[in-house]
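J.: Task: produce atomic coordinates for the following.
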Amino acid sequence: MGEATIKDVARKAGVSVATVSRVINNANNVRSETVLRVHEAIEAVNYVPNIAARNLKTDSSSIVAFLISNIANTHFTAMAKVIDANLRRAGYSLMVCSTEDDPKLELQYLKRAQSQNVAGVILNTTGKNDSYVCELSKSLPIALVDRSVASADFVGDFVGSNGRGGVYMLTEHLINQGHRKIAILTSDLSTSTGRERLAGFVEAMQKIGVTVDDEYRYNFNSGHFNEEGGMAGCKFLMNLPDPPTAIVVANNDMAIGAYRYLHSSGYSVPEDVSVVSFGNICYSDLFRIQPTFVTLNPAFIAEKASGMLLSRIENPGVGHREVIFEPLLKINASTRPV
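T.: I've put the predicted structure just below:
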């Protein structure tokens, strides 16, 4: 039996060949139920879209690069799984690169992607190569995830979450429990996520008359959105002469580090200190206590970002687009009133 063709897909899905083609090319004028039926038919007949002709016309490859800041962060591995599935259905392959939040490494990967004529880039930017990213977006389809570029010169897409609002909710929850000695454990303020999450904390604390600036003793910038940064920051805060009664952690990986330090140092959460964090913590169901956090849904972000990138590959002239997801507050057992 020969390889399946687009006609086989159309026959299986009960639609026209033209409709199958529109679905494969991520056109916007196809009903969602039809898109689902066509994708099911593609899998059923094991059809692999032939994008050779498309590559010849665009002089680009069938590879999409996904540049992330930390491959060990389960937030990004969850995103990569969804992006990979969406790209495969459209006939593309995914190449994942971890920049380790190193701007030099990020720039190397971006230049390599450009030289290899990738079809597009999904990028979690370091925030330190914005000028290059903006210029690159004029010739290469780019979708930013989580971290934005603050420039009108960027003509790609952005999908993220409301970091300011999420941290505001976390801090407000602690304030409502009577906490006043509240610490913020944040990181790289050259990134939009770092700045926005700190801004949410500052705004919430201002409501109770507390000014958060460089002199605020409970403000710690670890420099890195990772587990080691969380451990270092928590160690510093808990060893202050008058330690905080609550800590807001600006990132899920940092939160794991904070919990690890507290546990290894004999502190009890929430009896000794309340802890809240931005973003889902993987395997938190195995914790002794369930953490309070605001949710991020990496699958939603990945679904939207990959779809927008694919549509931009097919329609490169489309204008800049943004999608911002609103986080939800999940109150569990890691906080208590004081």
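J.: now the strands for the chain?
T.: Secondary structure of the chain (DSSP state E): strands located at 63-68, 93-98, 120-123, 142-145, 157-161, 182-186, 219-221, 246-249, 274-278, 292-294, 321-325, 329-330.
J.: what is the rounded mean pLDDT of the first one?
T.: Per-residue pLDDT over strand 63-68 has a mean of 96.
J.: low-confidence ranges in this structure?
T.: For the chain, the stretches flagged by pLDDT under 70 are 1-2, 26-28, 49-60, 283-286.
J.: Going along the chain, name the helices of it.
T.: 6-13, 17-24, 32-45, 52-58, 74-89, 103-115, 130-136, 163-176, 192-206, 227-238, 252-264, 298-314 (DSSP state H).
J.: Can you give me the buried ones in the third one?
T.: Which is helix 32-45. Neighbour-count burial for helix 32-45, counted by 16 or more other CB atoms under 10 Å, picks out Thr34, Val35, Arg37, Val38, His39, Ala41, Ile42, Val45. Where you see a C-beta, it was placed from the backbone N, CA and C, and this is true even at glycine.
J.: The longest one too?
T.: For helix 298-314, burial by neighbour count (16+ other CB under 10 Å) applies to 298, 301-314.
J.: So Thr19 is in contact with Val30, correct?
T.: Yes - Thr19 is within contact range of Val30, at 6.6 Å (criterion: CB atoms under 8 Å).
J.: re the thing from before, out of the strands of the chain, nearest to Thr211?
T.: With CB to CB as the criterion, Thr211 lies closest to strand 219-221 of the strands of the chain, at 10.6 Å.
J.: Check which residues of the closest one are buried.
T.: Those would be Asn219, Phe220, Asn221, for strand 219-221 by 16+ other CB under 10 Å.
J.: gap between the first one and Ser192?
T.: Using CB to CB, to the nearest Å, we find Asn219 at a distance of 19 Å from Ser192.
J.: just the second one next, same as before
T.: To Ser192, Phe220 is 20 Å away according to CB to CB.
J.: repeat for Ile122
T.: In terms of CB to CB, Ile122 sits 16 Å off from Ser192.
J.: More neighbours: the two, which one.
T.: Legend: neighbour count by other CB atoms under 10 Å for Ile122 and Ser192, higher for Ile122 (28 against 20).
J.: residue contacts, that one?
T.: Val64, Ala65, Phe66, Leu67, Ile83, Ile142, Ala143, Leu144, Val145, Ala305, Ser306, Leu309 (CB atoms under 8 Å, 6 or more residues apart in numbering).
J.: Are any of the residues you listed buried, and if so which?
T.: If we count by 16+ other CB under 10 Å, the contacts of Ile122 have these buried: Val64, Ala65, Phe66, Leu67, Ile83, Ile142, Ala143, Leu144, Val145, Ala305, Ser306, Leu309.
J.: ok, the residue nearest to Gly163 when sequence neighbours are not counted - contacts?
T.: Leaving aside its sequence neighbours, Gly163 sits nearest to Glu196 (CB to CB, 6 or more residues apart in numbering; 3.8 Å). Residues counted as contacts of Glu196 (CB under 8 Å, 6+ apart) are Asn162, Gly163, Arg164, Val167.
J.: The residues you listed into TSV, with extra columns for distance to Glu227 and neighbour count?
T.: Shown next, in TSV, are the contacts of Glu196 (distance: CB to CB, whole Å; neighbours: other CB atoms under 10 Å):
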residue	distance to Glu227	neighbour count
Asn162	24	16
Gly163	20	28
Arg164	24	19
Val167	19	29
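J.: What is the nearest of the residues you listed to Glu322?
T.: Nearest member of the contacts of Glu196 to Glu322, counting by CB to CB, is Asn162, at 11.6 Å.
J.: ok, that closest one touching Leu329?
T.: No - using CB under 8 Å as the test, Asn162 is too far from Leu329 to be in contact (11.9 Å).
J.: Between these two, which contacts overlap?
T.: What both Asn162 and Leu329 touch, as defined by CB under 8 Å, 6+ apart, is an empty set.
J.: which phi and psi does Gln177 have?
T.: phi -90, psi 0 (degrees, to the nearest 10).
J.: Return the member of the buried ones among the contacts of Ile122 nearest to Lys181.
T.: Val145 (34.6 Å).
J.: right, and that closest one touches Glu303 too?
T.: No - contact criterion CB under 8 Å: Val145 and Glu303 do not qualify, at 11.1 Å.
J.: Put the alpha carbons of stretch 181-195 into CSV.
T.: Presented in CSV, the C-alpha positions along stretch 181-195 are these (Å, rounded to 0.1, in the frame of the first residue of the first chain):
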residue,chain,number,x,y,z
LYS,A,181,6.5,41.7,56.9
ILE,A,182,6.1,40.3,53.4
ALA,A,183,9.2,39.5,51.3
ILE,A,184,9.4,39.4,47.5
LEU,A,185,11.9,36.9,46.0
THR,A,186,12.3,37.9,42.4
SER,A,187,15.0,37.8,39.7
ASP,A,188,16.3,39.3,36.4
LEU,A,189,14.6,42.7,36.0
SER,A,190,15.8,43.0,32.5
THR,A,191,13.0,40.6,31.5
SER,A,192,9.4,41.7,31.2
THR,A,193,8.3,39.0,33.6
GLY,A,194,10.7,40.1,36.3
ARG,A,195,9.6,43.8,36.0
